[in-house]
Every structure is written in structure tokens, then in C-alpha cells.
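>>> Sequence first, then the predicted structure, then my questions.
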Amino acid sequence: MPGASPDIEVGSVVADHAWPAGSPGQGTATGSRLDRTIWGAAGVLRRHWVLALLIAAGLVLRVVSQLAYEPALLFFDSEKYLFGTGVGVAAWGSYDPIGYTLLMLKPVLMFGDLGLVALLQHVLGLGMAVALYAVMLRRGVARWLAALAVAPVLLDAYQLNAEQTIMPDVLFEALLVAGIVLLLWRPRPGLALVILAGLALGTSASVRQVGEALILPALSYVVAAARDWRTRLLHGVVLTFCFALPVVGYMGFSQLVLHYGFEMSNMGDAYLYGRAAHAADCATLKLPPDEQLLCPTPAQALKLGVDGLVNSIDSPRVEYAVDARQGVLNYNLPQQRQFAYAVIEQQPMRVAGDIARDSIKIFALTRNTVQGDTPVDRWQFQNTYPTYPPGITRTGPNSATNLLAAVGGGGPARAWRRAASALRFYQLHGGYTPGPVFLLGLLAGIAGIFTFGRRRDPDHLSLACLLVTGSAIAVLLGADLYEYSWRYQLAALVTLPIAGALGATAIAQQVRSRRAGTASLSAPQPVAVAESEPVV
């Protein structure tokens with residue numbers, strides 16, 4: 001494992017385990033290299049048996065997922081990524097960043113199909129668990145605690161569903177984990193690690209735009225972890241530049257190649273309107289007449305939620321569109337933007353309260369859907385191959401099979417009912433991470449930040465808590481600012497349990513340090529007896 005010499009690892013196993021005479025591992029003269037490798041691997045498994053069991057269970061679940069839905073699951077947003085680079089065919093690529101298309105779909109589909117994409121996403125899920133486990137061990141977390149911290153990403157059925165679906169969430173998680181692991185690999189990251197972490201975190205923004213918020217915790221960490229002000233300045237500038245490089249690069253690609261404009265997405269104003277309209281008390285708002293039409297009734301806001309206020313045909317922003325019936329939509333985005341600004345300026349506490357109510361839903365014991373929220377069953381396994389009419393239908397030109405064939409997707413859409421039903425039963429009957437686990441991880445991570453101090457925190461665990469907890473808050477709260485969806489909470493699986501493990505370790509180390517200090521002060525001190533002066 002990283003951070004430990006293979007010779008030391010194997011040697012510790014030899015010391016703890018007496019081999020019978022004549023066994024393959026007895027002595028280097030008689031044992032072959034393969035024998036020594038096997039016995040060394042056995043020693044590693046013995047030391048990390050909790051992780052090994054969790055990985056075995058996670059592997060079985062992923063194999064079942066791969067067999068249950070072939071070649072992969074589709075969501076109606078999947079079309080955005082499958083066809084988003086088709087300039088002149090659709091404007092799907094302008095709605096959200098399509099770095100997922102450029103970094104994964106296009107390269108894999110050059111020599112494989114969507115089944116291979118799903119397989120690679122399952123591999124990423126296992127790889128994230130191993131990487132996070134390794135970095136926690138390097139930072140002093142106990143093996144059993146580190147294994148429990150990565151159990152959610154290995155066993156959570158919502159994670160499995162995301163890995164089997166053609167959507168960007170798993171790639172975003174992997175880039176987030178890569179940035180965290182690179183920065184935490186050493187107590188004080190070197191320049192090379194800062195460069196690689198900045199590129200990874202910046203690239204995540206081209207996969208999901210909320211990744212732009214990751215610059216704040218990452219920059220805070222590298223500045224706080226540096227030894228002197230010159231290193232702080234250098235690492236801060238380098239991280240910011242490397243983070244901005246893929247962001248600006250994608251915006252340039254969007255402008256010059258895709259012709260969608262120099263931007264990450266064109267939906268920012270629409271979702272800002274959705275959040276503001278959902279929170280607004282239109283009876284007391286002071287608005288010009290052309291903006292008053294954008295205000296939903298209380299019944300509309302409750303029924304549609306933020307997502308419906310943005311996308312539903314019953315939303316005031318759609319009804320207000322000019323020439324909508326003639327097929328020429330003009331959503332009057334400047335008016336929507338001004339409406340949102342008016343709500344934020346006149347009713348800031350209503351907007352803050354609306355966001356706060358959404359942000360605490362992740363801590364619920366069970367996965368439920370509140371009226372107006374995006375239905376949680378969209379991210380749940382179904383007994384048959386799921387469809388989302390009218391975008392993805394069972395039959396006809398928009399059928400899942402036709403969409404798969406259009407991209408060389410590996411055969412018709414099909415589901416193995418027995419395996420699909422087993423996955424659904426597992427997911428609905430406890431196969432997910434309960435919200436209190438996330439809450440405990442968040443509280444422990446925050447508490448770990450306050451253990452900061454050169455003497456109390458020589459391993460900089462408090463700064464590690466700052467990075468991981470800050471990254472979780474940035475990604476989760478950043479998504480909640482616009483819209484709540486259980487899909488957007490997936491990043492909690494690879495951040496909050498890790499923050500909790502690091503925080504618990506930091507607190508335990510501080511407690512042991514204080515006890516050791518107290519014991520040293522209370523221990524009896526030897527009394528120095530002065531030699532008597534000779535009598536003259």
C-alpha cells in the first residue's frame with residue numbers, strides 16, 4: 001500500500017504469522033518469485049481485510065448492475081451528452097458543460113460502445129474508494145475507520161445507478177477525488193502536486209459547472225499548508241492558473257468549435273429565475289409590469305418546484321415567451337434576470353430560507369421526495385429498462401434502442417429482470433447511505449478544522465479537514481443554490497465520510513496529546529539533592 005515499504009509490509013506479516021515447514025514462502029532460496037508475491041499479497045489482505053471485504057461486495061454489486069441493464073442506462077439528459085457536439089443538429093451542448101462527452105464518451109466510443117463506458121465508470125467507483133483509503137492511511141487514519149469511510153462509495157445503490165448511467169456524475173466525482181488525493185498525499189503538497197490538482201479540479205468544472213466552486217477550498221488549503229509567504233504566493237498563483245486553464249479552454253472550445261458562446265452554460269439565468277421565483281412572495285414584490293407576469297402563484301411554485309419553474313410548459317417563463325405557439329421562443333432572459341435580482345434584493349431572507357430548506361434534505365434518514373422536488377425514483381433501479389417519455393420511449397423513433405443504435409451503443413436496450421429486481425430491492429431496503437451518516441461526517445469534519453495548531457496538529461490534519469469539508473460544502477451547497485436533486489448529492493459519498501474520518505482522527509490525536517501533556521505534568525519529578533559543603 002502507498003506509504004509503506006513492500007519489504008516492511010511483507011516482513012511484518014512474516015513476523016506475525018508462522019509458516020509451516022516446506023511452505024512456498026519459507027525462505028527466499030527455495031521460494032519462487034511468484035510464491036513470494038502470493039504470500040506478500042496475502043499479508044496485505046490480512047492487514048486490510050475490512051477494505052478487501054467491502055471491495056469484494058462492491059465488485060459483486062457492480063457486476064450485477066452491468067448484467068441487469070445492457071448496454072447501459074439512459075436518462076433523458078443523456079441525449080445532451082450523446083449528441084451535444086452535433087453543431088446544427090441541436091443546442092443540447094449549450095445547456096450544460098459537455099466535458100463528459102469530450103473526455104469520456106467520444107474517446108471510448110471510438111473503439112467501444114456504451115457498455116464499455118459503464119464498465120469504466122464502475123472501475124472509477126472502485127478506484128475512488130482505493131485512492132481515498134490510501135490517502136487516509138497516509139494521513140494517520142486507522143485502517144478500520146478508513147475502510148468504513150469508503151464503504152458508501154462502494155455499496156451505495158445510488159452510486160451504482162449513476163455508474164451504470166450515461167451521465168457525467170461519476171467522472172465529476174473522480175476528478176474531485178483526484179484533486180483531493182493529490183493535495184493530501186503529503187502534509188505539505190509540492191509544486192507538482194499543486195499543478196496536477198489544479199488541473200483535475202478545474203477540469204471537473206467542464207464536466208459539472210458546480211466544480212467552479214472548488215477553487216475556494218483548494219486555494220485556502222494550499223495557502224494555509226505552505227511553509228512561508230513565498231511558497232504561499234507561488235502555490236496560490238499556480239493553483240489558480242492551472243484551475244482556470246481547463247475552464248477557459250472549454251469556454252474557448254464552446255465559442256470557436258461548438259458556436260455556443262464563450263461560456264460554460266447558457267442556463268444560469270434560467271435557474272437563477274427558478275430559485276428566485278420559487279422563494280418569492282409575489283404579493284409584496286415591487287416589480288415593473290413586464291416582470292410581474294413572471295411571478296408564479298403559490299400553487300404553481302409548490303407544484304412545479306425549481307426544476308418545473310425552469311423546464312415545465314406550465315411555468316410562467318414559458319407562458320411569457322414571445323411567439324411560443326408559432327414555435328419561435330424568446331424567453332426574455334434579461335427580464336428573468338432582473339426579476340431574480342429584484343427578489344434577491346427585496347426578499348433575501350426568503351431566498352436564503354428556501355436554499356436552507358433544500359440543503360438539509362440530504363441529512364434525512366430516508367430518501368424521500370418533497371412536492372416540487374425532482375423525483376428521487378429517477379435515480380432508482382427499476383424492474384424493467386427505464387424510459388422517460390417523450391424524450392426516451394419504449395418504442396418508436398425516440399426509443400432507447402434507437403438512441404443506442406445512433407451512437408453505436410452495443411445492441412438494443414434490455415434488462416435482466418431478476419437482477420434488476422434484486423438491485424431495486426437492495427436499493428429500497430437499506431442499500432443507501434442514511435442522511436445522519438452525512439451529518440456526522442460534516443460535524444466531525446468541521447470539528448477537525450478547529451484542531452489547528454503547530455504543536456497540537458503536526459500532521460496538518462486540521463487542514464486536511466478544511467480541504468475535504470470545504471469541498472463538500474462548495475459542491476453540495478453550490479448545487480442547492482440553484483436546484484435540489486438527489487442526483488446532485490452524490491458528491492457527498494466521496495467527501496463527507498472522508499471528512500468525518502479525518503476529523504475524528506484529528507480530534508483523537510489532540511485528546512491523546514493533551515492526556516500525554518497532563519500525565520507529564522502530574523508525574524513526580526526527581527528531586528535534586530545538593531552535595532553538602534565540606535566542613536573546614
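All right, it came through fine. Numbering: from 1, shown residues only.

>>> you'd agree Met267 is up against Pro97?
No - in this structure Met267 lies outside contact range of Pro97 using Cβ atoms under 8 Å: 10.5 Å. To be clear about C-beta, it is placed using only N, CA and C from the backbone, and glycine gets the same treatment.

>>> Of the two, which one has the most company?
Counted by other Cβ atoms under 10 Å, Met267 and Pro97 do not tie: Pro97 has more neighbours, with 28 against 18.

>>> Which elements pack onto the helix or strand containing Ile180?
Element membership for Ile180, per DSSP states H and E: helix 169-184. Under the contact criterion of 3 or more Cβ pairs under 8 Å, 6 or more residues apart in numbering; DSSP states H and E, helix 169-184 touches helix 99-100, helix 114-138, helix 157-164, helix 191-205, helix 215-225, helix 461-480.

>>> which helices and strands sit right next to the first one?
Same thing as helix 99-100. helix 169-184.

>>> average pLDDT for the helix it packs on?
In this model, helix 169-184 carries a mean pLDDT of 98.

>>> Residue ranges in the stretch 1-150 of the chain under the pLDDT threshold?
1-31, 87-91 (pLDDT under 70).

>>> again, but for the stretch 201-350 of the chain
Applying pLDDT under 70 to the stretch 201-350 of the chain flags residues 320-332.

>>> Run the angle between the helix holding Ile180 and helix 191-205 for me.
160 degrees (axes from the mean of the first three to the mean of the last three Cα atoms, to 10 degrees).

>>> Make TSV from the helices and strands packed on helix 169-184 and add mean neighbour count and distance to Gln255 to it.
Formatted as TSV, these follow (neighbours: other Cβ atoms under 10 Å; distance: least, Cβ to Cβ, whole Å):
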stretch	mean neighbour count	distance to Gln255
helix 99-100	26	15
helix 114-138	21	27
helix 157-164	26	30
helix 191-205	23	16
helix 215-225	20	22
helix 461-480	25	24
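
>>> would you turn those helices into JSON lines with distance to Pro390?
Listed next are the helices and strands packed on helix 169-184 as JSON lines, based on distance: least, Cβ to Cβ, whole Å:
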{"stretch": "helix 99-100", "distance to Pro390": "23"}
{"stretch": "helix 114-138", "distance to Pro390": "21"}
{"stretch": "helix 157-164", "distance to Pro390": "22"}
{"stretch": "helix 191-205", "distance to Pro390": "31"}
{"stretch": "helix 215-225", "distance to Pro390": "39"}
{"stretch": "helix 461-480", "distance to Pro390": "26"}
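
>>> So which of the ones you listed is nearest Gly396?
helix 114-138 (20.0 Å; Cβ to Cβ).

>>> Check the offset of stretch 180-198 from the chain's centre.
18 Å (Cα atoms, centre = their mean, to the nearest Å).

>>> then the helix holding Ile180 to CSV, C-alphas only?
Provided in CSV are the C-alpha atoms of helix 169-184 (Å, rounded to 0.1, in the frame of the first residue of the first chain):
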residue,chain,number,x,y,z
ASP,A,169,-21.7,12.5,-12.3
VAL,A,170,-19.1,9.7,-11.8
LEU,A,171,-16.5,11.4,-13.9
PHE,A,172,-17.1,14.5,-11.8
GLU,A,173,-16.6,12.6,-8.6
ALA,A,174,-13.4,11.0,-10.0
LEU,A,175,-11.9,14.4,-10.8
LEU,A,176,-12.9,15.7,-7.4
VAL,A,177,-11.3,12.8,-5.7
ALA,A,178,-8.2,13.1,-7.8
GLY,A,179,-7.8,16.7,-6.8
ILE,A,180,-8.3,15.9,-3.1
VAL,A,181,-5.9,12.9,-3.1
LEU,A,182,-3.2,14.9,-4.9
LEU,A,183,-3.3,17.7,-2.4
LEU,A,184,-3.5,15.4,0.6
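
>>> Name the residues of that helix that come out as buried.
By neighbour count on 16 or more other Cβ atoms under 10 Å, the buried set for helix 169-184 is 169-184.

>>> from these, which single one is nearest Lys303?
Looking across those and measuring by Cβ to Cβ, the closest to Lys303 is Asp169, at 26.9 Å.

>>> That closest one contacts Ser204, correct?
No - assessed by Cβ under 8 Å, Asp169 is found out of contact with Ser204, at 11.1 Å.

>>> and the helix holding Ile180 with helix 461-480, angle?
160 degrees.

>>> and helix 169-184 with helix 157-164, angle?
100 degrees.

>>> can you give me how far helix 169-184 is from the chain middle?
Here helix 169-184 is found 8 Å from its chain centre; the criterion is Cα atoms, centre = their mean.

>>> same deal with stretch 408-426?
25 Å.

>>> what comes into contact with it?
If you take Cβ atoms under 8 Å, 6 or more residues apart in numbering as the criterion, stretch 408-426 is touched by 61, 64-65, 67-72, 74, 109, 113-116, 157, 160, 380-385, 399-401, 403-405.

>>> start to end distance for stretch 135-147?
End-to-end distance for stretch 135-147, by Cα to Cα, to the nearest Å: 12 Å.

>>> for it, the distance to its chain's centre please.
Averaging C-alpha positions (Cα atoms, centre = their mean) puts stretch 135-147 20 Å from its chain's average.

>>> what sits up against that stretch?
Contacts of stretch 135-147 (Cβ under 8 Å, 6+ apart): 1-3, 47-48, 50-51, 54, 132-133, 149, 180-181, 184-185, 187, 459, 461, 464, 498, 501-502, 504-505, 509.

>>> cool, and stretch 304-312?
267, 270-271, 273-275, 277-278, 296, 300-301, 314-318, 371-374, 482-485.

>>> circling back to that earlier point, closest one to Arg33 out of the buried residues of helix 169-184, please.
For the buried residues of helix 169-184, the closest approach to Arg33 (Cβ to Cβ) belongs to Val181, at 30.6 Å.

>>> In which helix or strand does Phe452 reside?
Using DSSP H and E, Phe452 falls outside every helix and strand.

>>> which residues touch the nearest residue in space to it that is not next to it in sequence?
Of all residues not flanking Phe452 in the chain, Ser462 sits nearest, at 4.0 Å (Cβ to Cβ, 6 or more residues apart in numbering). Going by Cβ under 8 Å, 6+ apart, Ser462 touches Gly448, Ile449, Phe450, Thr451, Phe452, Gly453, Ala506.

>>> List only buried entries from those residues.
The neighbour-count test (16+ other Cβ under 10 Å) marks Gly448, Ile449, Thr451, Phe452, Ala506 as buried among these.

>>> And the first one, how far from Gly274?
Distance check for Gly448 against Gly274: by Cβ to Cβ, to the nearest Å, it reads 35 Å.

>>> One more: the second one?
Here the distance between Ile449 and Gly274 works out to 33 Å (Cβ to Cβ).

>>> Same question for the third one.
The spacing between Thr451 and Gly274, counted by Cβ to Cβ, is 40 Å.

>>> quick one: which of the contacts of stretch 408-426 sit in helices?
61, 64-65, 67-68, 109, 114-116, 157, 160, 400-401, 403-405 (DSSP state H).

>>> Hmm, Asn161 is touching Leu73, no?
Yes - under the criterion of Cβ under 8 Å, Asn161 makes contact with Leu73 at 7.1 Å.
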